[in-house]
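Q: Okay, predicted coordinates and the sequence, questions at the end:
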Amino acid sequence: MSKWEPTEEEIAWTKGVVDNLDIGQDWMEGEMAFRRTGDATLTLLTRTERAEMASRRVEVVLQMLDWHLDMDSVKVIPDDPMLAAEMMQQEAQSWMCPNCNEHPVVNMPLERAEWMVSGQNRYVDDEGNERLADRWVVAITCECEELTYLSPDDYYLIAGETLFYTWEGWFPMQPEQICEAVDKGYWDDLSAQALGSSRGSKPVPPHMRGLMCVRRKGEEEE
């Protein structure tokens with residue numbers, strides 16, 4: 001097999017991405033996750049088994065840009081979806097509060113998590129244009145009274161699907177529940193609403209927007 005060499009376009013595109021990353025900011029590319037950890041250092045956080053060649057190609061491009069790719073501590077995720085999910089869920093169970101390092105995140109009051117926007121992420125779209133997107137985090141209060149911040153994906157791993165799809169007491173109806181409510185004539189009693197991009201002064205998390213939701217019994221809006 002001949003040695004792979006990047007095109008000028010690939011080099012320029014990669015330079016545009018890494019130059020615009022803040023130190024500590026993550027970059028997702030295909031089945032790989034990177035983080036800028038220095039002035040000219042990118043750390044490969046995770047990749048799938050089948051993305052080994054792709055990560056080597058990123059390394060080649062970065063070397064041409066006088067950047068270093070640190071792959072010493074990369075976590076390799078199995079290609080099998082079931083094995084990958086099990087691996088990530090098992091790892092999530094071991095996460096500790098980053099402030100006190102005494103309390104497991106899984107034991108925190110996950111049902112009282114607060115979704116919030118914390119700045120913006122830069123990304124490059126398919127046409128090569130730089131865009132900005134809200135950076136969402138999920139805040140949970142530890143027993144040490146400090147906030148622990150999780151990414152939405154990490155919150156899903158630790159809290160599960162039901163809590164992930166619950167926001168401010170609202171949770172989505174299943175299609176069969178909607179049909180039953182309409183057919184049996186109790187739709188008007190449900191106070192169901194399709195969530196938009198905001199509710200009151202609070203922005204709605206992107207994964208909840210457009211969903212037909214109802215509130216849990218006994219919960220009132222502030």
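A: Thanks, I have it.

Q: contacts, neighbours, all on C-alpha from now
A: Will do.

Q: Assess the claim that D134 and S118 are in contact.
A: Yes - D134 sits in contact with S118 when judged by C-alpha atoms under 8 Å, with a separation of 7.3 Å.

Q: Compare the two and say which is more crowded by neighbours.
A: Per other C-alpha atoms under 10 Å, whichever of D134 and S118 has more neighbours is D134, with 14 against 11.

Q: which stretches of the chain have low pLDDT?
A: 1-2, 216-222 (pLDDT under 70).

Q: mind listing the helices in it by residue range?
A: Using DSSP state H, the helices of the chain run over 8-19, 52-64, 81-92, 152-159, 161-164, 175-183.

Q: Point out the most buried one among those helices.
A: Mean neighbours per residue, mean count of other C-alpha atoms under 10 Å, is largest over the helices of the chain for helix 152-159, with a mean of 18.

Q: quick check: angle from that one to helix 81-92?
A: 80 degrees (axes from the mean of the first three to the mean of the last three C-alpha atoms, to 10 degrees).

Q: For helix 152-159, list the C-alpha coordinates in CSV.
A: C-alpha atoms of helix 152-159 as CSV (Å, rounded to 0.1, in the frame of the first residue of the first chain):
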residue,chain,number,x,y,z
PRO,A,152,-25.2,16.2,27.4
ASP,A,153,-23.8,12.8,26.2
ASP,A,154,-22.2,12.1,29.6
TYR,A,155,-25.4,13.0,31.4
TYR,A,156,-27.3,10.5,29.2
LEU,A,157,-24.8,7.8,30.1
ILE,A,158,-25.0,8.5,33.8
ALA,A,159,-28.7,9.3,34.1
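
Q: ok now that helix, how far from the chain's centre?
A: Relative to its chain's centre, helix 152-159 lies at 8 Å (C-alpha atoms, centre = their mean, to the nearest Å).

Q: Any chance you could list what contacts that helix?
A: For helix 152-159, the external contacting residues (C-alpha atoms under 8 Å, 6 or more residues apart in numbering) are 88-89, 92-93, 105-106, 110, 136-138, 163-164.

Q: and of those, the nearest to K202?
A: Distance to K202 across these (C-alpha to C-alpha) is lowest for W136, with 12.8 Å.

Q: Report the beta-bridge partners for the closest one.
A: Bridge pairing for W136 (DSSP bridges) gives the partners V117.

Q: ok, back up a step: output the helices of the chain in JSON lines; the columns should cover distance to L42.
A: Listed next are the helices of the chain as JSON lines, based on distance: least, C-alpha to C-alpha, whole Å:
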{"stretch": "helix 8-19", "distance to L42": "8"}
{"stretch": "helix 52-64", "distance to L42": "9"}
{"stretch": "helix 81-92", "distance to L42": "22"}
{"stretch": "helix 152-159", "distance to L42": "21"}
{"stretch": "helix 161-164", "distance to L42": "30"}
{"stretch": "helix 175-183", "distance to L42": "44"}
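
Q: circling back to that earlier point, need the contacts of helix 152-159 in a markdown table with distance to V182, can you?
A: Output for the contacts of helix 152-159, formatted as a markdown table (distance: C-alpha to C-alpha, whole Å):
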| residue | distance to V182 |
| --- | --- |
| M88 | 40 |
| Q89 | 38 |
| A92 | 40 |
| Q93 | 41 |
| V105 | 40 |
| V106 | 38 |
| L110 | 33 |
| W136 | 35 |
| V137 | 36 |
| V138 | 34 |
| L163 | 26 |
| F164 | 26 |
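
Q: Relative to V204, how far out is P98?
A: Distance of P98 to V204, computed by C-alpha to C-alpha, to the nearest Å: 27 Å.
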